[in-house]
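# quick one, fold the following:
(one chain, ligands or ions: 2)
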Amino acid sequence: MLEKITVAGVSVDTRHWIGGKRVASGATFTDSSPIDGSAIGEIARGGPAEAEAAVAAARAAFPAWAATPRAERARILHAIADGVEKRIEELAVVETTDNGALLRSHRRGVMPRVAHNFRFFADWLLTLGHEDFETRGHTNHVSWDPAGPCVLITPWNAPLMLATWKVAPALAAGDTVVLKPAEWSPLTASLLADIAAEAGLPAGVLNVVQGYGSEIGDTLTSHPDVRRISFTGSVPTAKRIAASAAANLTPLSLELGGKSPLLVFADADLDLAVDLAVEQYDNAGQVCLAATRILVEESVAEEFTRRFADKARALTQGDPRDEATDIGPNIHPRQLEKIDGFVRRAVEAGARAVVGGERGDGQFYAPTLLTDVAQDSEIVQEEVFGPVLTLQTFADEDEAVRLANDTRFGLAATLATGDPERAERVTARLVAGTVWVNCFFVRDLQAPFGGSRQSGVGREGGTWSFDFYCDLKNTVTAPNGWSHSHG
Ligand SMILES: NC(=O)C1=CN([C@@H]2O[C@H](COP(=O)(O)OP(=O)(O)OC[C@H]3O[C@@H](n4cnc5c(N)ncnc54)[C@H](O)[C@@H]3O)[C@@H](O)[C@H]2O)C=CC1
Ligand SMILES: O=C(O)/C=C/C=C(\O)C(=O)O
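Ligands and ions are numbered 1, 2, ... in the order given. As a prediction, this is how the structure comes out:
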């Protein structure tokens, strides 16, 4: 196995990063590029031994990192952000080669957000107050104690962005980390380990292990020394992780799938509504937040569908490295099979493809809009995670809300309406972690982020991240040194 490979001109270490050292495994797996299916390189394929070593390193590093003053932890997080900013171009080209998402998005949006994740949580840490209050003359002092080693398991659709949402608050909180990136996009996590070491993060505070979740995951998630597990990915994997974590009652944060609705009311600005709908093809539909179920009021459905189809057909699908490309490939041949299976079964069940409905060359799937779909059908109820949207109509607000809420998910919802009172009424009735009104994907790290129902457990973002990654402690001190009062 080559210890270092060159990816789009960037040197990437293919080994694990454990206790401040590169560690190889006897076995490897092949990482391929979704752009053309070519092999990028052989990556270390970790198992229980590497998981044990990484947790041991995180455990050993914990006391010193937890005792590091907040201001120093924040300084190192800012230094990591500096390192990310210096290497935006490298991170962007490597990520695009690895997961096929648009290079222009990585350059201008995603990688700057990666740096921002570190800056935001570094700064937020310094604003976390010590909530002091009084009870019958006694003082209550609430402190945010570091919790311990955390296992962070992340997906392939936005690999470094989603990983650093977890890594940054965990490190800021004074925890140590074992990061397990997805096997379909392992590379930028390795670059992050280099950047963190260069920024002066002590050995063992951040560890990165590579490999298949099915081989390395259970040792990580059932480990008694692990104090927190944060996972983003699919519902079935979340259930396995939760079962494994149950052995030690390890607290979990789960950010899972979605089948979010876009509700278009007749009073909406229809051009805006169409733009919002077409935006759902972003990242080839591989976005948990995507509003994949378009619900349109009957009176404007025909006009909406016509305008949507015109826009969707004008999208450019192709090489994600080209500036002009709107939609790149899907991550893996297996994911493509899955997407195609969903569409074929939907069409067999009576759905009509108004736009797309078929595979393209290589790992591309045509942006697709399906109509004539039943509310209880698979295509309406299950997350496809590809560029496939459905369109249904509704007669009134009650029906819109009923359809919108009628899945097992509750991650997000988007409304297009010109009536602010309607927006307020409908929002109050929706089951969703985030609701956007006449906008989409406006994100702020201060906000709570997560899903209801099977879209997740818990919230991260701002103080909610510190609630999760810290052990909150209340210290009650008696006046004048002592008291036996407990009434
Ligand atoms: N952000 C999201 O909401 C995401 C949703 N998905 C959904 O999941 C479907 C399947 O995609 P997958 O890549 O198979 O997702 P997955 O949920 O299996 O993988 C996500 C991460 O979990 C790890 N993992 C897998 N099994 C594990 C185990 N037993 N213990 C610990 N970690 C484990 C993987 O290695 C990867 O790092 C997609 O079609 C999509 O519907 C996938 C990725 C992200
Ligand atoms: O970029 C964000 O703010 C959120 C992204 C979330 C996903 O893409 C996901 O988990 O799939």
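# quick one: contacts of stretch 120-130?
By C-beta atoms under 8 Å, 6 or more residues apart in numbering, the residues outside stretch 120-130 that reach it are 70-71, 73-75, 77-78, 81, 141-144, 168-169, 171-173, 445-446, 462-463, 465-466. From N, CA and C alone the C-beta is placed, and that goes for glycine too.
# just the ones of those in helices?
Under the assignment DSSP state H, the contacts of stretch 120-130 contribute 70-71, 73-75, 77-78, 81, 168-169, 171-173, 462-463, 465-466 to helices.
# buried subset of those residues?
73-74, 77-78, 81, 168-169, 171-173, 462-463, 465-466 (16 or more other C-beta atoms under 10 Å).
# export the residues you listed to a markdown table and tack on distance to ligand 1?
Below are these laid out as a markdown table (distance: C-beta to the nearest ligand atom, whole Å):
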| residue | distance to ligand 1 |
| --- | --- |
| 73 | 26 |
| 74 | 28 |
| 77 | 23 |
| 78 | 27 |
| 81 | 23 |
| 168 | 18 |
| 169 | 18 |
| 171 | 19 |
| 172 | 22 |
| 173 | 22 |
| 462 | 20 |
| 463 | 23 |
| 465 | 17 |
| 466 | 22 |
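# okay, and residue 263 sits in which element?
Taking DSSP states H and E as the definition, one finds residue 263 inside strand 261-264.
# how about stretch 312-331 and ligand 2, touching?
No: Stretch 312-331 stays out of contact with ligand 2 when judged by C-beta under 6 Å from any ligand atom, the minimum separation being 11.8 Å.
# average pLDDT for that stretch?
On average, the pLDDT along stretch 312-331 is 98.
# and the contacts of it?
34-35, 93, 96, 99-104, 156-157, 184-185, 278, 281, 283-286, 336, 339, 355-356, 360, 362-367, 369, 386-387.
# before we move on, back to that, restricting to C-alpha, output the strand holding residue 263 in PDB.
Extracted in PDB, the C-alpha atoms of strand 261-264 (Å, rounded to 0.1, in the frame of the first residue of the first chain):
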ATOM      1  CA  PRO A 261     -41.800  19.000   1.800                       C
ATOM      2  CA  LEU A 262     -41.800  22.200  -0.300                       C
ATOM      3  CA  LEU A 263     -45.300  23.700   0.000                       C
ATOM      4  CA  VAL A 264     -46.200  26.100  -2.800                       C
END
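# paired strands for that strand, with orientation please.
Applying DSSP bridges, strand 261-264 is found paired with strand 293-297 (parallel), strand 412-416 (parallel).
# between those strands, which one is closest to ligand 2.
With C-beta to the nearest ligand atom as the measure, strand 412-416 is the member of those nearest ligand 2 (9.4 Å).
# buried sites along that closest one?
412-416.
# show the contacting residues for the closest residue to ligand 2 within the chain.
For the chain and ligand 2, the shortest gap (C-beta to the nearest ligand atom) falls at residue 288, measuring 3.0 Å. Residue 288 is in contact with 157, 232, 255-258, 383, 411, 455, counting by C-beta under 8 Å, 6+ apart.
# give me the subset of these that lies in strands.
232, 255 (DSSP state E).
# which residue in the contacts of residue 288 has the weakest pLDDT?
Lowest pLDDT within the contacts of residue 288 is found at residue 257 (94).
# about what we covered before: ok, now how distant is the residue of the chain closest to ligand 2 from residue 388?
According to C-beta to C-beta, to the nearest Å, residue 288 stands 15 Å off from residue 388.
# span of stretch 359-378 from start to end?
19 Å (C-alpha to C-alpha, to the nearest Å).
# likewise stretch 451-465?
End-to-end span of stretch 451-465 (C-alpha to C-alpha): 14 Å.
# so how far is it off the chain centroid?
Distance of stretch 451-465 from the chain centroid (C-alpha atoms, centre = their mean, to the nearest Å) equals 11 Å.
# same thing with stretch 33-40?
Chain-centre distance of stretch 33-40: 23 Å, with C-alpha atoms, centre = their mean.
# could you check how far residue 180 is from residue 421?
Using C-beta to C-beta, residue 180 is found at 47 Å from residue 421.
# which one's more surrounded, these two?
Taking other C-beta atoms under 10 Å, residue 180 and residue 421 do not tie; residue 180 has more neighbours (29 against 8).
# around the residue lying closest to that one once chain neighbours are set aside, how many other residues sit close by?
Among residues not flanking residue 180 along the chain, residue 153 sits closest, at 4.8 Å (C-beta to C-beta, 6 or more residues apart in numbering). By the measure other C-beta under 10 Å, the count of residues near residue 153 is 25.
# was I right about residue 153 contacting residue 178?
No: using C-beta atoms under 8 Å, residue 153 is not in contact with residue 178, being 9.2 Å away.
# find residues that contact each of those two.
In terms of C-beta under 8 Å, 6+ apart, residue 153 and residue 178 are both contacted by the residues residue 220.
# so how far is residue 466 from the residue in the stretch 51-200 of the chain that ligand 1 sits nearest to?
In the stretch 51-200 of the chain, the residue that lies nearest ligand 1 is residue 155 (3.2 Å; C-beta to the nearest ligand atom). Shown here: residue 155 relative to residue 466, a distance of 23 Å by C-beta to C-beta.
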